[in-house]
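*Asks:* give me the fold of what follows.
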Amino acid sequence: MTKQKSDYAATEASLSTHAVPEWFRDSKFGIFIHWGPYSIPAFAPLQQDKPDGPADNIMQGFKYNPYAEWYLNTMKFEDGPTAQFHRETYGEDYSYDNFGEAFNASLENWDPVAWAKLFKTSGARYIVLVSKHHDGFLLWPSKTPNPHKPNWQTERDVVGELADAVRAEGLKFGIYYSGGIDWTFKSKCIETIQDLMAMPGEAEGYIEYANAHYHELIERYQPDYLWNDIGYPSQQASFDILADYYNTVPEGLTNDRWISPDGDLKADAFERPEGMTGVLPPKPPVWDIRTPEYGMFDHILPFLWETTRGMGHSFAYNHREVDADYLSPGAIATMLASSACFNGNVLLNVGPRGDAQLDPAQAGRLESTGGWLKAKGQAIQDTRPVALPDKSVDGINIGATRNADTLYLHIFGKPGLGTLEVQLPAGLGTVMSLEQLGGEVGDWSIDQATLRLTINEWADEAVQIFKLGLSV
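*Replies:* The predicted structure is shown next:
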């Protein structure tokens with residue numbers, strides 16, 4: 001149970017006692033929103049733009065970064081595709097700053113209520129908005145404006161308006177803030193991992209600036225989720241922020257991207273659990289959940305996690321990506337089911353366009369996901385993961401979730417039709433009924449925790465789900 005208000009001190013020992021709230025464990029699905037000045041050019045290199053060469057060339061990775069929200073950094077590689085696009089589209093001397101003015105103008109067409117209704121339809125239960133990305137542009141009219149760029153923030157209170165709209169739909173609202181990078185304070189082109197971690201700090205006057213923003217965001221919007229990115233320039237400052245946050249929003253939570261250059265580095269900070277994919281940030285002293293990027297875990301671990309990724313290869317909208325670049329509805333369903341089986345959530349990103357509209361292909365996938373969750377969400381949301389004796393059956397990966405009186409078996413593919421055998425967990429209790437959601441099951445029996453069932457027809461889904469009713 002989470003501590004009551006005003007219990008937390010700004011120390012590792014105190015903050016580490018914070019518990020992940022039940023609402024997050026129940027939700028399973030959230031929506032990330034990357035939207036800012038970078039949404040105006042909406043450009044990032046594609047895989048085919050990369051030249052042939054060593055796969056471990058880090059500089060090439062930054063030059064051909066597929067994330068459109070990194071436009072300001074990627075365009076600094078003068079021989080790269082982003083710089084070429086910028087010259088050809090806007091001219092040699094066209095400043096990135098102009099995109100801030102254009103973004104503010106586009107907000108005349110923004111309808112946060114319409115977005116919130118779509119998010120509700122998608123089945124997501126929480127929304128996380130980028131309030132400031134690495135370009136330093138603020139999506140709220142802050143009392144602490146940027147000292148290096150006049151008017152480098154929105155005129156409309158995007159954060160506040162979206163918070164009101166999504167909460168009116170019964171959804172939780174979270175805020176992302178780029179704590180470790182702000183190119184308005186440190187503009188050197190990021191070419192290496194060392195550059196990435198060379199955060200602006202006290203010398204640049206950044207710590208006081210970022211602290212002021214965090215305390216303002218907490219006080220003004222009381223976010224249900226505080227999502228920091230990259231790291232934070234001062235460990236003690238991060239503890240101060242988290243104490244303020246937990247004491248203000250006891251049922252909130254934070255992520256694992258608070259590593260500090262002046263902080264403690266734990267022995268397992270860079271530990272990478274076996275079987276995971278994607279990128280896992282280094283573990284800071286204080287965190288609630290782990291956040292693999294474009295990655296997953298394939299078994300239950302002793303912590304909660306949240307996979308985060310774009311629908312395509314970018315978080316922010318990239319106008320070069322086509323429908324085939326986006327996850328299929330079936331792939332999204334598989335990701336949701338797999339995460340639920342292995343103690344995780346999905347934070348799936350949408351990248352609105354520069355005209356303040358959602359891309360139809362991305363919006364369509366949200367609608368499809370909502371339809372799938374309406375039919376199958378009982379096996380995903382409001383459940384807890386269950387470890388199975390075997391990780392696969394007939395070469396197909398499997399997992400399980402349950403609530404008080406139901407066990408759900410998830411099969412991530414389609415074994416052959418006929419008799420299937422699955423080892424059930426010990427101590428499950430008596431299985432009173434069995435059905436396949438959307439498919440057909442023939443005879444079934446259980447003998448010494450071995451479930452034998454005859455499959456007459458598989459559901460027309462990427463994930464096959466069986467519902468086992470239990471005696472309670």
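*Asks:* helix, strand or coil for Glu219?
*Replies:* helix (DSSP: H, G, I helix; E, B strand; the rest coil).
*Asks:* pass me the low-pLDDT residue ranges in this structure, would you?
*Replies:* Along the chain, segments meeting pLDDT under 70 span 1-6, 53-58.
*Asks:* one more time with 80, if that's ok
*Replies:* Along the chain, the parts satisfying pLDDT under 80 run over 1-6, 52-59, 472.
*Asks:* please enumerate the helices of it.
*Replies:* Ranges of helices in the chain, per DSSP state H, are 12-15, 22-27, 58-63, 71-74, 81-90, 97-106, 112-122, 158-168, 193-197, 206-221, 235-248, 329-341, 360-376.
*Asks:* quick one: Pro150 from Phe137, how far?
*Replies:* Separation of Pro150 from Phe137 (CB to CB, to the nearest Å) stands at 12 Å. In short, each C-beta sits where N, CA and C put it, glycine included.
*Asks:* and what of Thr248?
*Replies:* 25 Å.
*Asks:* which one of the two is surrounded by more residues?
*Replies:* Per other CB atoms under 10 Å, whichever of Thr248 and Phe137 has more neighbours is Phe137, with 28 against 16.
*Asks:* show me what contacts the more buried one?
*Replies:* By CB atoms under 8 Å, 6 or more residues apart in numbering, the contact set of Phe137 is Gly36, Pro37, Gly100, Phe103, Trp152, Gln153, Thr154.
*Asks:* from what I can see Ser27 touches Asn345, true?
*Replies:* Yes: if you go by CB atoms under 8 Å, Ser27 and Asn345 touch, sitting 6.4 Å apart.
*Asks:* nearest to Val350, out of the helices of the chain?
*Replies:* helix 360-376 (5.1 Å; CB to CB).
*Asks:* follow-up on the earlier one: ok, and which of the helices of the chain has the densest surroundings?
*Replies:* helix 71-74 (a mean of 26; mean count of other CB atoms under 10 Å).
*Asks:* next, the contact list for Leu470, please.
*Replies:* Going by CB under 8 Å, 6+ apart, Leu470 touches Arg402, Asp405, Thr406, Leu407, Leu428, Gly429, Thr430, Val431, Met432.
*Asks:* kindly apply the preceding question to Pro261 instead.
*Replies:* Met197, Met199, Gly201, Gly231, Pro233.
*Asks:* separation between the last one and Gly170?
*Replies:* Note on Pro233: its distance to Gly170, by CB to CB, is 36 Å.
*Asks:* looking at the two, which is more packed in?
*Replies:* Pro233 (25 against 9).
*Asks:* I'd say the more buried one and Met199 touch.
*Replies:* Yes: counting by CB under 8 Å, Pro233 sits close enough to Met199 to count as a contact (4.5 Å).
*Asks:* which residues do the two both contact?
*Replies:* Gly180, Tyr206, Pro261.
*Asks:* so which of these is the closest to Ser339?
*Replies:* For these, the nearest to Ser339 is Gly180 (25.6 Å; CB to CB).
*Asks:* what's the neighbour count on that closest one?
*Replies:* 23.
*Asks:* hang on, it packs against Ser238?
*Replies:* No: contact criterion CB under 8 Å: Gly180 and Ser238 do not qualify, at 10.4 Å.
*Asks:* list residues touching both of those two?
*Replies:* Common neighbours of Gly180 and Ser238, counting by CB under 8 Å, 6+ apart, are Asn228, Tyr232.
*Asks:* okay, now the closest residue to Thr254 other than its chain neighbours: neighbour count?
*Replies:* Nearest non-adjacent residue to Thr254, counting by CB to CB, 6 or more residues apart in numbering: Leu226, 4.6 Å away. Using other CB under 10 Å, Leu226 has 25 neighbouring residues.
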